[in-house]
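Student: sharing a sequence plus its predicted fold:
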Amino acid sequence: MRPGAIATVVACLVLTGCSGDRDTGEGRRIESVVKHFALSHGPEACDLLTRKAVTTVYGSKTDCVAKAKRFEGQPVEVTFVKISSSTGAHATAKTLDGSRYWTVNLHKLRGRWLIDSITIAQRPS
C-alpha cells in the first residue's frame, strides 16, 4: 500500500471513526479472516495466506508449517476494511491495547479471502 493511502486510512479512523466496508457481508468475512489469522498459533495460519505470501515470507508451505509451531496468536481489533475490487481488499488492525497497528492486504481466490501481505503501520497520533 502506498504511504499516502495509509495516511488516508489512518486519518479516516482518527478523525471520523469510519469503518469503511467493515459492516458489510464481505467486510465481515474479511474481518473474520484477519482475526482468525491473528489468533492462529499453528499450521492453520499458513492456510490463511496466499501462495505469494507463503513464498515471500517462508519460501514454501512446508517451511511455513514447520515454523508455525512457534507462532503465538493474539486477539486484534479490525478497525477498517476497504474492498477495492471483487478480488482485492485491505484492512487495518490493532492490538486490543492499541500498541501495534497493521495494514493487511487480502486477495479473494476461489470465493475465499486470503491474506496477501501484512505491513506494520504507524500508530495514529
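Tutor: That came through fine. These numbers come from a predicted model, not from an experiment.

Student: quickly find the element holding the spatially most central residue of the chain.
Tutor: Nearest residue to the geometric centre of the chain (Cα atoms, centre = their mean): Val104, 3.1 Å. Using DSSP states H and E, Val104 sits within strand 101-109.

Student: toward the C-terminus, what is the element adjacent to that strand?
Tutor: Next along the chain after strand 101-109, taking DSSP H and E as the criterion, comes strand 112-121.

Student: can you give me the helices in this protein?
Tutor: With DSSP state H as the criterion, the chain has helices at 3-16, 25-39, 51-58, 61-67.

Student: and these, which one is worst for confidence?
Tutor: Lowest mean pLDDT within the helices of the chain: helix 3-16, at a mean of 43.

Student: so Val33 is in contact with Leu114, correct?
Tutor: Yes. Counting by Cβ atoms under 8 Å, Val33 does reach Leu114; the two are 7.2 Å apart. For the C-beta atoms, the positions are set from N, CA and C on the backbone; glycine is no exception.

Student: name the residues contacting each of these two.
Tutor: Any residue near both Val33 and Leu114 by Cβ atoms under 8 Å, 6 or more residues apart in numbering counts here, and that gives 48, 106.

Student: show me what Asn49 bridges to in the sheet.
Tutor: I think there's a mix-up here, since residue 49 is Leu and not Asn. Residues in a beta bridge with Leu49, per DSSP bridges, are Ile115.

Student: next up, the contacts around it.
Tutor: By Cβ under 8 Å, 6+ apart, the residues touching Leu49 are 37, 57, 64, 114-116.

Student: check Lys61 too.
Tutor: By Cβ under 8 Å, 6+ apart, the contact list for Lys61 reads 46, 54.

Student: distance of it from Lys35?
Tutor: Distance of Lys61 to Lys35, given as Cβ to Cβ, to the nearest Å: 22 Å.

Student: what's around Lys35, how many residues?
Tutor: Residues contacting Lys35 under the criterion other Cβ atoms under 10 Å number 17.

Student: wait, it sits on Gly73?
Tutor: No. Using Cβ under 8 Å as the test, Lys35 is too far from Gly73 to be in contact (9.8 Å).

Student: stretch 42-54: end-to-end distance?
Tutor: 14 Å (Cα to Cα, to the nearest Å).
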